[in-house]
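Enquirer: next one to model:
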Amino acid sequence: MTVRTIHATATHEGKWWEISFDDDDLDTVTATRKIADIRDMATDAAALWLDVDPDTIDVQVSIVIPDEYRTDWEAAKEKAAKARAEEAEAAALSRQVVRGLRGDGYTLTEASVLLGISPSRAHQLAADPERSKRAS
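Expert: Numbers count the residues shown, from 1 in each chain. Just a heads-up that it's a prediction; the model follows:
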């Protein structure tokens, strides 16, 4: 059985989610009140319009974020990605410092006091992350 992929777009209009299709064969729209029902409603509408079994279509729905929120949402996602990258870099530098101290003969307790972290955190930073992944 070949499954046909159909693309649809849902936009919020008042109390309704209006669903339109990005397909030349589907000159129809449908709507639902609940965001959770968008995909099912779109699938049912497309199947009815095309006169096919709903199992023979796969509707991919894009839900439109209102323009007044899109820019801020994209900025928030970008900042979160940068923060994750910086956090990963900070963790790598922390591990490097603790391992350097250990290599120079400092104990984990001494390293923890020097860096103002707990001995257990110093131990975590000194551990080989690849070895920890293999052990789990």
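Enquirer: ends of stretch 16-31, what's the gap?
Expert: Start-to-end span of stretch 16-31 (C-alpha to C-alpha, to the nearest Å) is 6 Å.
Enquirer: in that stretch, what's buried?
Expert: W17, E18, I19, S20, F21, D23, L26, T30, A31 (16 or more other C-beta atoms under 10 Å). To be clear about C-beta, it is placed using only N, CA and C from the backbone, and glycine gets the same treatment.
Enquirer: which members of these are the farthest-apart pair?
Expert: W17 and D23 (18.3 Å; C-beta to C-beta).
Enquirer: select the longest strand from the protein.
Expert: Ranked by number of residues, the top strand in the chain under DSSP state E is strand 4-13.
Enquirer: how about it: buried residues?
Expert: I6, A8, A10.
Enquirer: summarise which helices and strands the helix or strand just after it is packed against.
Expert: Per DSSP states H and E, the first helix or strand lying C-terminal to strand 4-13 is strand 16-21. Other helices and strands packing on strand 16-21, by 3 or more C-beta pairs under 8 Å, 6 or more residues apart in numbering; DSSP states H and E, are strand 4-13, strand 29-32, helix 38-50.
Enquirer: what does strand 16-21 contact?
Expert: The contact list for strand 16-21 (C-beta atoms under 8 Å, 6 or more residues apart in numbering) reads 6-12, 28-35, 37-38, 41-42, 45-46, 61, 63.
Enquirer: please redo it, this time with the cut-off set to 10 Å
Expert: With contacts defined as C-beta atoms under 10 Å, 6 or more residues apart in numbering, strand 16-21 is touched by 6-12, 26-39, 41-42, 45-46, 49, 59, 61, 63-64.
Enquirer: how far away from the center of its chain is that strand?
Expert: With C-alpha atoms, centre = their mean, to the nearest Å as the basis, strand 16-21 stands 24 Å off its chain's centre.
Enquirer: note down every partner strand of it and its orientation.
Expert: Here strand 16-21 has these sheet partners by DSSP bridges: strand 4-13 (antiparallel), strand 29-32 (antiparallel).
Enquirer: quick one: find the helix or strand in this protein with the lowest mean pLDDT.
Expert: Using mean pLDDT, DSSP states H and E, the weakest-scoring helix or strand in the chain turns out to be helix 129-135, at a mean of 55.
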